[in-house]
Structures are given as C-alpha cells and as structure tokens.
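J.: here's a sequence, model it:
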Amino acid sequence: MSINPLPYDNFIEEQSDVLSSWPTGKDVSFKEGVHGQAAIPETKRFSIAMENAKKKKKTLIQPRAGVALVDDHIMLLNYLEKEGEADLLPTTIDAYTRQNRYAEAQNGIARSQSAGTSLLNGFPAVNHGVAECRRVTESVTKPVQVRHGTPDARLLAEITLAAGFTSFEGGGISYNIPYTKKVPLEKSIRDWQYVDRLCGLYENEGISINREPFGPLTGTIVPPCLSHAVAIIEGILALEQGVKSITLGYGQGGCIAQDTAALRSLRTIAEKWFTQEGFSDFSLTIVFHQWMGGFPPDEARAFSVISLGSIVAAMSGAEKVIVKTPHEAMGIPTREANAQGLRNTRQILKIMEDQPINFQNEASIKEEQIITEEVNQLLHAVRSVHEKEKKNWATAAAKAFSSGIIDIPFAPSVYNNGKCMPMRDNNGFIRIFQPGAVALSENILSYHREKLEERARAEGRSVSFQMITDDIYAISKGKLIGRPR
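T.: Coordinates of the predicted model:
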C-alpha cells in the first residue's frame, strides 16, 4: 500500500465521513473554526509562545492534566495556571477517546456526573463537542494544547481546533507503535496525514497550529538515535501537509551528558533534514520530557528526579519542558501534586537563568557526534526506501518498521520488530545491546558493544538481559545504572 501526501479534494471527501462518525462532529465548521482561531489573542497562541521562548532563550513549563467533566477541567487548568505557574496548559484526553470508543467515554461522563468526581483518566473532548471545548480554551489566559495518544485523531483534531486549541500533539508513528498492538502503520500514518492537512489548511488561513510529535515513545531507556529518527520523520510528514510550527521532543534518559548531547543534536539534525527535503518556511522548537519511566514512591525522592530533569532542560536550551509530579508512582496525580511539580521546575529554571551552563565536556561532545552519525544512518536507510517508493516518506516509514530498519524497544505493536534491546553502559549512557535489524553500521554497533563490555567488566558479570531489567528499575530505586547489589 502506497501512502501519498493528501490532496485537498481527497481531504474534503474524507472529512464528511470523519465528521459523521460521532454526533458532535456535525457542529464542526472549518469557517467558524478559522474565525474563532483568528480572534484568539497572541498571548494564547502556542506557536507564538514557543517561538518567543526560542528568541528569548527561555524554557517554558507545561504539565499533563485532564478530567472528565468540563467545569472540573476548567477548574483544574485554572489551578495549574495560577497555583502551578504553568506557562502552557494541556488537555490530556481520556483512554476511551484515544481508541475512538466514544460510547464508552459517554458512559464515563455519566458515571462521573453521578459520582461527583472524574472516573475517566482524561478529558473526553469529542463527546463534549465544539461549544463545550471552547469554554475550556476561553476560560484560561495561557495557550492550550491537546495531548493524548490516539492512532486515529481525525475527529479529535477537527473538534478541538475548531474550539480554539492552538497546539496538537502526536503523530502516526509515535501515537501508534508505543500505544497500540494491532493498528497497521499504513493506517495510522494516513490518518495523521489528515490531521496535518487540517493544520495546514488552518495555516493557509493565517492560523498557525503548533504540531508536536511525541518524543519519548515507550518512555523507557530508548536510544536517542531511534527517537530522533521517528521525530524527524514525523516532522517531515507534517511539513509535507503544510504545517509550519513544529516542536520535536525527546524523553529524558537520565545521563546528563547523553541527554544534553541528544537535545543539541535533535535540533541540528532536524533543521538539516527539513532543509534538504526542500522545506524552508518552518519554525522548529524543542521539548524535553522529564523522566517517563518508573518513579520513586517517596515524594522527596520523586522531587529529585523532577529536579534533575529541570536542570537538563535548562542546560540544553529546550524551549519547553513537560513536567512530572511527585505522585508518578501512585497513579493520576492530584492537582496539588501537579502544581508542586511545576513550581519545583520553575524554581530550578529561575536559578539556572543566572548561571547558564553550556554542558559540552569531552564525553558529551563525542556523544553528540555519535548520535548525529547514528540518526543520519537511520534516516538515509529510510530515505533509500523512500527513493524506491517514488519519494514517498509515509510509505518508506511504514516499510522501515516492517523491515526493522527502525525498531522501538519495548513497544507493544505487532508492526514493530521488537528485537532491538537497549542497556546502559558503565557511565549511564543508553547503548544498543541487541540491534535486531536496525540500520546502523558495524562500526557504530561495535562501539556500543565495547561500552557495554566495559560495564560488564566493572561489575564482574557478563553482558546479559538481566542488565536491562536492572536498568529499567534503577531510577525508581535511587540509582541511574542497575548495578548488582
């Protein structure tokens, strides 16, 4: 199956089916959506906030948050805006909506109303519809983004953009491979072309919608080269459809030298690839996600993990940091815990403003070179498929996963090879233990093996799968590397 860039006529034909897939879709009007977006002040536009952060070399803070009922969600966002001092606000979507199970989301709304508390793990925007979602965006003074995890986000995008949300997160790879088991990549990439085309149509009307692929992927110890490759491919796919404001993300690995190198390299490599693919009119910014793996259950120790991520965000010059909470090990955080994580991060960012640190020691500089070489090798391999597929990045991306050229560790999708396994080396850098079929040179893979052997010798054991397990749980137990006791 070949996936081509989405022509306007095809989009319009498809749009009627999308809007008729749930009753609230009938209230969507692109013309009214443009009119509503045009009335939004610049202080509430995500794309402008991100570009200003880039110009001023500031790092903005944003939480994750969402509850079932509109009034409660508005109260939550107002609390995070005022008490948490958030620069940017989220609307995290519930799990039923992410799987397009709107009838079950409707039941969740009813049960939440009866219980007097949210019984969904997010905000069911599709069920609430345009008018109710607009109440959310009009109730705050900061830009609001839709954050979710949806392989098919077409209706969600139509409703929320028409309602005044100015940023939309996700992508056809990053919201499929780490999130689902049996959704074909060809389908999710095609469905996300629709989302990006919709954003491109708003752009044509002078309304810049910020687009942010999900950088952390499975949120475990993902080698930077793999997450970078996915982010850049999704960036290219968005630019092809007319998107102009792109924010690429990276999830904290825990090793300061590697994380700062990864963030610097992501910006540089993405700009190079976007430009050489023929795009010039775009604004690229970077988001850093604080640690996405297991957290210590003790709040004081959890704050230390949040603090480390805040320091790395400041040192790397990311325009935005996604903030975690001291309740990460316990489930959905309270609004108070969410605000605490934000204020913790804000305090560290303020302190770091007075002492900018350009963390480029020998190890970090070498790592940036290694990551750059790795990402270029992966993207050139995908591009070679792209050349055979009549210069079609979408089809090439799907085939890259089916062949194992790109392989995301610990992903549930059956369309991901699942043979690439990561592990930390003796200094905490994330290396590739088992490469599977990823398109990296023997020189690169030998370098990874040498680094892992160094750790094995230091620990007096052989390189084995047990090290992976140890590493996954290490930070939740107060260490970076999963050393034997």
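J.: distance of the closest residue to residue 18 other than its chain neighbours relative to residue 124?
T.: Spatial nearest neighbour of residue 18, chain neighbours left out: residue 154 (4.6 Å); criterion: Cβ to Cβ, 6 or more residues apart in numbering. From N, CA and C alone the C-beta is placed, and that goes for glycine too. For residue 154, the distance to residue 124 equals 16 Å [Cβ to Cβ, to the nearest Å].
J.: what's the spacing between the residue nearest to residue 18 and residue 9?
T.: Applying Cβ to Cβ to residue 154 and residue 9 gives a distance of 17 Å.
J.: neighbour-wise, which of the two wins?
T.: Ranked by neighbour count (other Cβ atoms under 10 Å), residue 154 and residue 9 place residue 154 first, with 23 against 8.
J.: if we can go back for a sec, mind pulling up the phi and psi values for the residue nearest to residue 18?
T.: phi -60, psi -50 (degrees, to the nearest 10).
J.: spit out the contact partners of it.
T.: By Cβ atoms under 8 Å, 6 or more residues apart in numbering, residue 154 lies in contact with 14, 18, 191, 194, 195, 198.
J.: pLDDT score assigned to the third one?
T.: If you check residue 191, the pLDDT there is 97.
J.: go on, the fifth one?
T.: What the model reports for residue 195 is a pLDDT of 98.
J.: CA atoms only: put stretch 208-227 into PDB for me.
T.: Taking Å, rounded to 0.1, in the frame of the first residue of the first chain, the C-alpha atoms of stretch 208-227 are listed here in PDB:
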ATOM      1  CA  SER A 208      -0.600  28.700  12.800                       C
ATOM      2  CA  ILE A 209      -1.300  25.400  14.700                       C
ATOM      3  CA  ASN A 210       1.700  24.100  16.600                       C
ATOM      4  CA  ARG A 211       2.300  20.400  16.000                       C
ATOM      5  CA  GLU A 212       4.400  18.300  18.400                       C
ATOM      6  CA  PRO A 213       5.300  14.600  17.700                       C
ATOM      7  CA  PHE A 214       5.500  12.500  20.800                       C
ATOM      8  CA  GLY A 215       9.300  12.200  21.500                       C
ATOM      9  CA  PRO A 216       9.600   9.700  24.400                       C
ATOM     10  CA  LEU A 217       7.900   6.800  22.500                       C
ATOM     11  CA  THR A 218       7.800   3.900  25.000                       C
ATOM     12  CA  GLY A 219       9.200   6.100  27.800                       C
ATOM     13  CA  THR A 220      11.800   3.600  28.800                       C
ATOM     14  CA  ILE A 221      15.500   3.600  28.100                       C
ATOM     15  CA  VAL A 222      15.100   4.400  24.400                       C
ATOM     16  CA  PRO A 223      18.400   5.000  22.500                       C
ATOM     17  CA  PRO A 224      18.300   8.700  21.300                       C
ATOM     18  CA  CYS A 225      19.000   7.800  17.700                       C
ATOM     19  CA  LEU A 226      15.800   5.900  17.400                       C
ATOM     20  CA  SER A 227      13.500   8.500  19.000                       C
END
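J.: and residue 91, what does it touch?
T.: 65-66, 73, 77, 123, 125, 136, 144-147, 160, 165.
J.: returning to what we had before: any chance of the contacts of residue 154 in CSV, plus secondary structure, distance to residue 395 and neighbour count?
T.: Output for the contacts of residue 154, formatted as CSV (DSSP: H, G, I helix; E, B strand; the rest coil; distance: Cβ to Cβ, whole Å; neighbours: other Cβ atoms under 10 Å):
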residue, secondary structure, distance to residue 395, neighbour count
14, helix, 18, 17
18, helix, 22, 20
191, helix, 15, 21
194, helix, 16, 23
195, helix, 18, 28
198, helix, 21, 27
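J.: could I get the buried residue list for the helix or strand in which residue 160 is found?
T.: Using DSSP states H and E, residue 160 sits in helix 154-162. Residues of helix 154-162 classed as buried by neighbour count (16 or more other Cβ atoms under 10 Å): 154, 155, 156, 157, 158, 159, 160, 161, 162.
J.: check stretch 296-316 too.
T.: For stretch 296-316, the neighbour count (16+ other Cβ under 10 Å) marks 296, 299, 301-303, 305-316 as buried.
J.: tell me which stretches of the stretch 1-150 of the chain form strands.
T.: Listed in chain order, the strands of the stretch 1-150 of the chain (DSSP state E, counting those that start in this stretch) span 60-62, 89-92, 144-147.
J.: OK, contacts around residue 163?
T.: 33, 36, 125, 130, 131, 133, 134, 136, 137.
J.: measure it to residue 130 for me?
T.: Distance of residue 163 to residue 130, computed by Cβ to Cβ: 5 Å.
J.: show me what the one helix or strand residue 284 maps to is packed against.
T.: Using DSSP H and E, the element containing residue 284 is strand 283-289. In terms of contacts (3 or more Cβ pairs under 8 Å, 6 or more residues apart in numbering; DSSP states H and E), strand 283-289 is packed against helix 46-56, strand 245-251, helix 256-276, helix 299-316, strand 320-322.
J.: quick check: mean pLDDT of the helix or strand following the last one?
T.: To tie it back to what came earlier, the one meant is strand 320-322. Counting by DSSP H and E, the next helix or strand C-terminal to strand 320-322 is helix 335-353. Average pLDDT, helix 335-353: 96.
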